[in-house]
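Undergrad: sequence below, structure please.
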Amino acid sequence: MADSDSEVEITRGEAAVKKWATMKKLSPKTADRLIELGYDSMEALSLLSEDDLGEANIPIGQTRLLLYSLKQTFPRGQAASGNNANHCNQDPQTNVDPEPNIQNIGDDDVFIRNVLGQLNGAQTQQQPSQTGPSGNMNGTNPPCTAVLDTRVNLLRSSVLADSTKKTYSSYLQPYLHFCNSKGIPLVPITPVNLARFIALLSYKLSFNSIRNYLSVVRLLHLEAGFANPLDSYYISSLLKGTKRVLGAQTVRKLPITPNILYRIFNILNFSNPKHLCFWAACLVGFFSFFRKSNLLAPSWEQFDPSKHMSRNNVRFSKTGAVIVVTWSKTIQYMQRSLLVPLPHIPKSPFCPSCILRLVFMLNPTNLPSCPAFMYTLDSKNHILSYATFLQMLKSCLSQIGLDPSKYSGHSFRRGGASFALECGLPPDLIKSQGDWKSDAYQSYLDPSLSFRVQVAERLGSEMLRRFPTPT
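TA: Predicted structure coming up:
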């Protein structure tokens with residue numbers, strides 16, 4: 001069935017045209033006239049040409065503005081239906097990842113440009129100013145428009161965290177390629193074309209990944225002033241069917257258990273400063289339940305003492321150590337500080353505070369803002385980056401006979417939380433130590449079989465107590 005025959009295409013078609021006209025500063029009369037002429041949807045509007053306006057009786061100023069707006073919204077001059085026979089014979093599994101050219105986006109589509117600029121790092125990044133530009137802020141001598149616009153761009157570019165920008169950028173690429181290949185605008189996308197995009201993703205992605213990729217489609221539409229295209233019965237029912245076909249299982253990395261830690265410890269060479277630093281990171285990650293974004297930096301160049309663990313964040317005492325966290329996944333706006341304690345285990349190679357103090361002592365520095373996990377090798381200071389840590393972890397796991405692909409840096413967070421549960425600690429304390437904002441932490445807990453056996457034996461003994469075996 002052609003797009004124009006689909007009932008879902010009619011929903012809010014006229015409203016979309018009127019909203020588009022308002023954004024382009026066209027008069028309500030012009031919008032009404034377009035709808036009277038049959039251009040009552042964005043797909044129909046994309047087919048409008050200058051010749052079609054010859055007898056439309058639209059004032060010349062509005063006509064010029066209309067043509068300019070059409071050129072900017074539909075820069076390729078192609079229909080928005082995406083019903084192009086040239087694409088029908090292509091393999092649907094091969095068009096998910098290519099890099100598109102975003103230069104085809106209209107220059108006056110300000111909201112879309114802002115989103116693309118944020119996700120692709122186009123906005124100039126700088127430290128936000130608390131006081132603003134010089135001048136009287138009481139209204140008698142405000143900053144000029146250009147200065148305010150620069151400030152607006154800075155504030156807008158700070159909406160998303162850097163990690164979110166990177167994630168959204170990967171989500172954006174398949175959508176850009178899909179729209180470019182079909183000759184349709186990024187916004188607004190029709191329900192039928194959005195369904196086609198979902199179908200394309202379903203060839204290669206899991207259901208949960210598809211929902212993540214659609215988040216950037218939602219963002220683009222909201223930024224451009226359109227309704228969320230996911231909020232329709234047609235799309236929600238399609239996603240429900242997709243979930244039924246693909247399933248919604250989540251494959252999590254396995255936890256690092258105390259037994260695995262012990263086996264890793266036995267194969268490390270502690271005469272090597274790099275191995276000692278790696279072991280310290282393993283223990284801190286296990287006992288603190290830290291996320292990798294707090295524990296280790298990607299590199300020297302990307303190390304940020306306000307985000308990554310530095311020596312300045314650690315306070316040692318006789319009872320262990322306390323790590324001060326001022327930024328994390330759940331502390332995005334410097335609204336609080338989190339104090340994470342590490343235990344002191346006397347004369348034990350598994351004492352995180354002792355091993356961390358030893359690393360500090362072997363690598364003295366006068367700069368408290370240095371990375372917590374650094375080591376000296378060949379008279380040079382090296383940072384233990386997350387990539388190096390992960391490489392060493394996978395090597396150790398392979399040596400002890402485990403599949404490295406089933407583990408990641410996050411396995412320490414999950415393993416520490418699971419061990420805390422086995423030790424009988426209440427869930428609310430585990431949640432506090434790991435700084436979980438919601439109850440999502442419960443999915444991380446992985447009680448061992450021995451722990452479950454304790455539960456079964458406790459139930460059995462209680463049953464026997466209440467109903468003794470007859471003698």
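Undergrad: how many neighbouring residues does S461 have?
TA: If you count neighbours by other C-beta atoms under 10 Å, S461 ends up with 10. C-beta here means a position set from N, CA and C on the backbone, and glycine is covered the same way.
Undergrad: try W327
TA: W327: 19 surrounding residues under other C-beta under 10 Å.
Undergrad: not counting its neighbours along the chain, what's nearest it?
TA: K307 (4.7 Å; C-beta to C-beta, 6 or more residues apart in numbering).
Undergrad: gap between that neighbour and I235?
TA: 37 Å (C-beta to C-beta, to the nearest Å).
Undergrad: cool, and F278?
TA: Distance of F278 to I235, given as C-beta to C-beta: 47 Å.
Undergrad: so between these two, which is more surrounded?
TA: When neighbours are counted by other C-beta under 10 Å, F278 and I235 differ, and F278 comes out ahead with 22 against 18.
Undergrad: quick one, what contacts M309?
TA: Shown in contact with M309 (C-beta atoms under 8 Å, 6 or more residues apart in numbering): V284, F290, N294, L295, L296, I323, P371, A372, F373.
Undergrad: any idea which of these is closest to W20?
TA: Checking the contacts of M309 against W20 by C-beta to C-beta gives N294 as the nearest, at 44.3 Å.
Undergrad: for N313, see how far away that closest one is.
TA: Distance check for N294 against N313: by C-beta to C-beta, it reads 9 Å.
Undergrad: what is in contact with these two at once?
TA: V325.
Undergrad: let me know the helix or strand that E462 is in.
TA: helix 449-466 (DSSP states H and E).
Undergrad: let me see the mean pLDDT of that helix.
TA: Model confidence over helix 449-466, given as mean pLDDT, is 68.
Undergrad: stretch 325-339 too?
TA: On average, the pLDDT along stretch 325-339 is 73.
Undergrad: what's the span of that stretch from first residue to last?
TA: Using C-alpha to C-alpha, to the nearest Å, the end-to-end distance of stretch 325-339 comes to 6 Å.
Undergrad: helices of the stretch 351-471 of the chain, start to end?
TA: 352-362, 386-399, 410-422, 427-433, 449-466 (DSSP state H, counting those that start in this stretch).
Undergrad: from the contact counts, what lies against whatever helix or strand Y171 lives in?
TA: Using DSSP H and E, Y171 falls within helix 162-182. Helix 162-182 sits against helix 110-119, helix 191-202, helix 207-223, with contacts defined as 3 or more C-beta pairs under 8 Å, 6 or more residues apart in numbering; DSSP states H and E.
Undergrad: could I get those helices as CSV with distance to A248, mean pLDDT and mean neighbour count?
TA: Output for these, formatted as CSV (distance: least, C-beta to C-beta, whole Å; pLDDT from 0 to 100; neighbours: other C-beta atoms under 10 Å):
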stretch, distance to A248, mean pLDDT, mean neighbour count
helix 110-119, 27, 58, 19
helix 191-202, 13, 95, 20
helix 207-223, 5, 92, 19
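Undergrad: closest to Q433 out of these?
TA: Across these, closest to Q433 is helix 207-223 (C-beta to C-beta), at 26.8 Å.
Undergrad: buried set for the helix or strand just after that closest one?
TA: Downstream of helix 207-223, the next assigned helix or strand under DSSP H and E is helix 233-246. For helix 233-246, the neighbour count (16 or more other C-beta atoms under 10 Å) marks Y234, I235, L238, L239, T242 as buried.
Undergrad: for the third one, what are its contacts?
TA: When contacts are counted by C-beta under 8 Å, 6+ apart, L238 is found next to A195, I198.
Undergrad: for L67, see how far away it is.
TA: Applying C-beta to C-beta to L238 and L67 gives a distance of 36 Å.
Undergrad: rewinding a little: now the helix holding Y171: buried residues?
TA: So helix 162-182, judged by 16+ other C-beta under 10 Å, has buried residues 165, 167-168, 171-182.
Undergrad: kindly report the same for stretch 316-336.
TA: Of the residues in stretch 316-336, G320, A321, I323, V325, W327, S328, I331 count as buried by neighbour count, 16+ other C-beta under 10 Å.
Undergrad: now those residues as TSV including secondary structure?
TA: As requested, these are exported to TSV (DSSP: H, G, I helix; E, B strand; the rest coil):
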residue	secondary structure
G320	strand
A321	strand
I323	strand
V325	strand
W327	coil
S328	strand
I331	strand
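Undergrad: give me the contacts around stretch 379-389.
TA: Contacts of stretch 379-389 (C-beta under 8 Å, 6+ apart): 274, 277-278, 281, 292, 295-300, 303, 363, 365, 371, 373-376, 409.
Undergrad: from the chain's centre, how far out does stretch 13-25 sit?
TA: Distance of stretch 13-25 from its chain centroid, counting by C-alpha atoms, centre = their mean, to the nearest Å, is 32 Å.
Undergrad: could you dump that stretch to CSV, C-alpha only?
TA: Below are the C-alpha coordinates for stretch 13-25, written out as CSV (Å, rounded to 0.1, in the frame of the first residue of the first chain):
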residue,chain,number,x,y,z
GLY,A,13,-1.0,15.9,9.0
GLU,A,14,-2.7,19.3,8.8
ALA,A,15,-1.4,20.2,12.3
ALA,A,16,2.2,19.4,11.2
VAL,A,17,1.8,21.6,8.2
LYS,A,18,0.5,24.5,10.3
LYS,A,19,3.3,24.0,12.9
TRP,A,20,5.9,24.0,10.1
ALA,A,21,4.4,27.2,8.6
THR,A,22,4.5,28.9,12.0
MET,A,23,8.1,28.0,12.5
LYS,A,24,9.0,29.4,9.1
LYS,A,25,7.1,32.6,9.9
